[in-house]
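please work out how this folds:
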Amino acid sequence: MARVPLLQLSDIALGFGGDPLFSSLDLVVQPGDRVALVGRNGSGKSTLMKVMAGLVEPDDGSRVVPQGTSVGYMEQDPDLSGFATLGDFAASELDPADAYRVEMVAEGLKFKPATEVAVASGGERRRAALAKLLAEAPDLMLLDEPTNHLDIEAIGWLEEQLKTTRAGFVLISHDRAFLNALTRATLWVDRGQVRRLEKGFAHFEAWRDKIWEDEDMQRHKLDRKIKSEARWAVEGISARRKRNQGRVRALQDLRAERASQIKRQGAAAMAFDASPKSGKKVIEAEHISKAFDGKVILRDFSIKIARGDRVAFVGPNGVGKTTLLKILTGQEPPDSGEVKLGTKIEMVVFDQNRAQLDPEMSLWESLTGDPDMRVSGKADQVMVRGNPRHVVGYLKDFLFDESRARAAVSSLSGGEKARLLLAKIMARESNLLVLDEPTNDLDVETLDLLQDLLGEYDGTVLLVSHDRDFLDRVAQTTIAMEGDGNATAYAGGWSDYRAQRAETVDVAKPSGAKPKAKSTKADSESEKTETSKQTGLSFTEQHRLEALPDEMARLEAEIAKLEAFLSDPEMFTKEPVKFQKGTDALVERQEALAKAEEEWLMLEEKAEG
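Below is the predicted model of the structure:
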């Protein structure tokens with residue numbers, strides 16, 4: 001028997017005064033679907049998701065959601081007006097008996113429900129919107145960039161929640177590792193079309209490149225045919241008084257077909273210029289410490305950073321990563337210890353809050369009004385790495401259409417703001433890049449280009465990011481800040497750090513043992529395979545055995561909270577509905593814990609032979 005879809009869009013057309021954004025669009029989301037929604041910045045992903053959520057009315061076509069099916073949407077900029085606290089907003093659609101769900105989700109997402117809306121940051125507001133969606137647990141979840149403003153721990157928690165949910169979901173994200181782990185199908189928004197691949201995001205790029213290759217081949221064949229027919233049309237005049245009018249009309253049709261093809265948007269023409277070279281020693285920090293209001297941010301930390309190093313800083317939000325960056329680059333003094341900067345340092349900074357962008361300015365003014373980019377006496381030119389460029393031409397390098405040059409910065413999407421800020425910092429010569437959360441909102445293609453540019457950059461890079469895949473691709477050294485002022489350097493990127501961290505925690509090393517050399521991804525995979533052979537477990541079983549303790553700990557914590565919630569002796573008589581729902585939730589988690597413990601014991605026995 002055919003399954004009833006959770007959502008169906010049929011023959012959707014939508015435009016905003018100009019060329020249509022979508023036309024004749026059909027889309028179906030089935031129960032249990034785990035879908036990545038991908039496409040370039042500005043391709044219409046968020047707009048399509050709002051159509052799916054019923055928040056944007058299409059110009060034509062229909063949206064069908066079966067009766068009794070609930071659809072939840074997590075937007076990038078939630079409207080919290082009318083709510084006193086983040087918790088009030090997150091619980092606004094819940095039955096009072098289910099309000100405890102917000103507290104449980106808030107712990108994993110690391111936000112405080114009691115925070116007043118008036119003082120909440122943009123990141124806290126987005127976490128509240130995500131908590132609202134997860135607590136409501138709809139049949140279909142529509143998630144627009146849920147990992148933005150989450151630290152790596154919270155991203156890992158969210159990943160586990162989505163792995164175990166029975167709901168279907170459609171997911172927009174720039175985080176490759178997140179998409180690879182969760183998705184089983186891919187929707188690609190490209191030039192007004194939506195194509196579907198019945199495989200997860202891990203297969204997307206090969207599929208996309210094959211489509212582009214076939215498209216280029218068809219275009220080449222069409223161009224050759226047009227050229228041949230045009231030659232016939234000209235040369236045939238001298239050979240015949242009356243030409244074959246059907247063939248002439250066919251040529252006109254071919255030309256019309258070629259003209260109607262929408263050109264692919266190319267990659268941004270971004271470039272860094274590491275000139276002049278800095279001295280070999282860039283930064284040397286010795287025994288530095290820092291505290292704010294009695295809270296220790298950094299304790300007795302030392303590091304030497306040489307020219308060409310790529311150093312990443314990771315850790316939970318609020319642990320002090322940005323503060324450490326500012327201390328190392330001389331923007332803020334340490335409480336104790338010493339920081340020495342090398343010679344000939346030319347530093348540019350990409351800050352996570354986009355503070356270098358004035359929302360009231362136009363894109364044009366953002367560039368021409370920058371003192372570092374201004375060309376004397378030329379209101380339409382900017383200085384780009386020592387050479388004057390027309391402002392519109394330079395904006396086109398970063399995929400901004402000429403019609404957007406006079407638009408306000410406030411009208412830009414998150415990805416467009418990131419590209420504009422990159423345009424500003426890339427115009428300057430530099431040999432030290434300080435990148436604080438540069439990956440937020442960028443599409444996959446721009447992330448690929450940025451990664452390649454950082455690989456080719458002849459200077460030094462200091463990077464803060466929660467994008468695990470990007471860290472693995474870029475970082476040579478990872479500084480892990482894990483709280484209580486501790487900062488530890490590890491060789492390699494995120495995966496290397498996690499592998500070395502696990503060894504430090506799990507293996508009791510003899511006194512005086514030499515530290516293990518940096519491991520590669522191939523080494524890591526080899527070690528996992530060897531471990532599986534030694535234990536008799538498959539790779540999947542070994543991974544499951546390692547993941548179960550965290551899952552059981554989470555269930556135990558939820559059970560403890562529910563038991564505390566139900567411990568009120570008057571709960572049963574005063575609020576019987578609330579008591580019953582809490583009891584059902586407790587039984588569900590106790591059963592899940594029992595199954596997890598049974599699975600762990602089975603795998604442990606198998607591992608022991």
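
stretch 373-388: which residues count as buried?
373, 375, 381-384 (16 or more other CB atoms under 10 Å). Every residue, glycine included, has its C-beta placed from N, CA and C.

next, the buried residues of the helix or strand where residue 286 lies.
Taking DSSP states H and E as the definition, residue 286 sits inside strand 281-292. Buried residues in strand 281-292, counted by 16+ other CB under 10 Å: 282-285, 288-290.

now, the buried residues of stretch 373-388 that are in helices?
If you go by DSSP state H, the buried residues of stretch 373-388 have nothing in helices.

export those residues to a markdown table and tack on pLDDT and distance to residue 316?
Output for the buried residues of stretch 373-388, formatted as a markdown table (pLDDT from 0 to 100; distance: CB to CB, whole Å):
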| residue | pLDDT | distance to residue 316 |
| --- | --- | --- |
| 373 | 78 | 36 |
| 375 | 75 | 44 |
| 381 | 85 | 44 |
| 382 | 84 | 39 |
| 383 | 83 | 40 |
| 384 | 82 | 38 |
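
can you list the domains in the protein?
7-70+138-199, 81-130, 207-260, 281-346+429-499, 539-607 (automatic domain parsing).

and residue 401, which of these is closest to it?
domain 7-70+138-199 (9.2 Å; CB to CB).

measure that closest one end to end?
Using CA to CA, to the nearest Å, one end of domain 7-70+138-199 lies 19 Å from the other.

quick one: mean pLDDT over it.
Taken as a whole, domain 7-70+138-199 has a mean pLDDT of 90.

one more: stretch 550-560?
81.

again with stretch 296-307
On average, stretch 296-307 scores 93.

go through that stretch and flag the buried ones.
297-299, 301, 303, 305, 307.

would you turn these into JSON lines with distance to residue 331 and secondary structure?
Output for the buried residues of stretch 296-307, formatted as JSON lines (distance: CB to CB, whole Å; DSSP: H, G, I helix; E, B strand; the rest coil):
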{"residue": "297", "distance to residue 331": "14", "secondary structure": "strand"}
{"residue": "298", "distance to residue 331": "14", "secondary structure": "strand"}
{"residue": "299", "distance to residue 331": "20", "secondary structure": "strand"}
{"residue": "301", "distance to residue 331": "16", "secondary structure": "strand"}
{"residue": "303", "distance to residue 331": "16", "secondary structure": "strand"}
{"residue": "305", "distance to residue 331": "15", "secondary structure": "strand"}
{"residue": "307", "distance to residue 331": "20", "secondary structure": "coil"}
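
next, residue 417: secondary structure please.
State at residue 417, reduced to three classes by DSSP: H, G, I helix; E, B strand; the rest coil: helix.

and the closest residue to it other than its chain neighbours, what pLDDT?
What sits nearest to residue 417 in space, not counting adjacent residues and going by CB to CB, 6 or more residues apart in numbering, is residue 354, at 5.4 Å. As predicted, residue 354 sits at a pLDDT of 75.

ok, now which ones touch residue 354?
417-418, 421 (CB atoms under 8 Å, 6 or more residues apart in numbering).

out of these, which is most surrounded?
Most neighbours among these, by other CB atoms under 10 Å: residue 418, with 27 neighbours.

spatially nearest residue to residue 152, not counting backbone neighbours?
Closest to residue 152 by CB to CB, 6+ apart is residue 466, at 5.0 Å.

can you check residue 39 too?
Distances taken as CB to CB, 6+ apart put residue 189 closest to residue 39, at 3.4 Å, once the chain neighbours are dropped.

for that neighbour, phi and psi?
phi -90, psi 120 (degrees, to the nearest 10).

isn't residue 3 up against residue 29?
No. Here residue 3 lies out of contact with residue 29, judged by CB atoms under 8 Å, at a distance of 10.9 Å.

those two: which is more packed in?
Neighbours per residue (other CB under 10 Å) separate residue 3 from residue 29, with residue 29 holding more: 22 against 8.

so the more buried one is in contact with residue 170, correct?
Yes. Residue 29 sits in contact with residue 170 when judged by CB under 8 Å, with a separation of 6.4 Å.

now do the shared contacts for these two.
Joint contacts of residue 29 and residue 170 (CB under 8 Å, 6+ apart) are 35, 52, 140.

want to try TSV for the residues you listed, with secondary structure as columns?
Formatted as TSV, those follow (three-state DSSP):
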residue	secondary structure
35	strand
52	helix
140	strand
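
save those residues as TSV, and put in distance to residue 500 too.
Shown next, in TSV, are those (distance: CB to CB, whole Å):
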residue	distance to residue 500
35	35
52	42
140	40
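
and of the residues you listed, the nearest to residue 341?
For the shared contacts of residue 29 and residue 170, the residue nearest residue 341 by CB to CB is residue 35; the value is 47.9 Å.

what about that closest one, neighbour count?
Neighbours of residue 35 (other CB under 10 Å): 24.

contacts only, for it.
Taking CB under 8 Å, 6+ apart, one finds 29, 168-171, 183-187 in contact with residue 35.

swap in residue 39?
Counted by CB under 8 Å, 6+ apart, residue 39 has contacts 45, 188-190, 443.

cutoff 6 Å now
If you count contacts by CB atoms under 6 Å, 6 or more residues apart in numbering, residue 39 has them with 45, 189-190.

one step back: you'd agree the residue nearest to residue 39 is up against residue 43?
Yes. The pair residue 189 / residue 43 is scored as a contact, 4.6 Å apart, by CB atoms under 6 Å.

tell me how many other residues crowd residue 272.
23.

then residue 202?
14.

gap between it and residue 176?
9 Å (CB to CB, to the nearest Å).

same check, this time on residue 551
Taken as CB to CB, the span from residue 551 to residue 176 is 24 Å.

okay, strands next: where are they in the stretch 101-250 of the chain?
140-144, 168-172, 185-190, 193-197 (DSSP state E, counting those that start in this stretch).

dump the ones you listed to TSV, plus distance to residue 484 and mean neighbour count.
Shown next, in TSV, are the strands of the stretch 101-250 of the chain (distance: least, CB to CB, whole Å; neighbours: other CB atoms under 10 Å):
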stretch	distance to residue 484	mean neighbour count
strand 140-144	33	24
strand 168-172	34	25
strand 185-190	42	21
strand 193-197	45	16
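
can you redo these as CSV with distance to residue 407?
Output for those, formatted as CSV (distance: least, CB to CB, whole Å):
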stretch, distance to residue 407
strand 140-144, 22
strand 168-172, 23
strand 185-190, 22
strand 193-197, 26
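
where does this protein have its least confident helix or strand?
helix 521-535 (a mean of 46; mean pLDDT, DSSP states H and E).

so where is the stretch 351-500 of the chain shaky, pLDDT-wise?
For the stretch 351-500 of the chain, the stretches with pLDDT under 70 are 376-377.

all helices for it, in order.
For the stretch 351-500 of the chain, helices defined by DSSP state H, counting those that start in this stretch occupy the ranges 363-368, 391-397, 414-426, 444-456, 468-474, 494-506.

can you redo those helices as TSV with distance to residue 144?
Listed next are the helices of the stretch 351-500 of the chain as TSV, based on distance: least, CB to CB, whole Å:
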stretch	distance to residue 144
helix 363-368	24
helix 391-397	26
helix 414-426	10
helix 444-456	16
helix 468-474	20
helix 494-506	24
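
any idea which of these gets closest to residue 547?
When the helices of the stretch 351-500 of the chain are ranked by proximity to residue 547, the top entry is helix 494-506, at 12.8 Å, counting by CB to CB.

so what touches the helix or strand hosting residue 62?
According to DSSP H and E, residue 62 maps onto strand 60-64. Strand 60-64 has contacts (CB under 6 Å, 6+ apart) with 8-13.

so which bits of that strand are buried?
Buried, per 16+ other CB under 10 Å, within strand 60-64: 61, 63.
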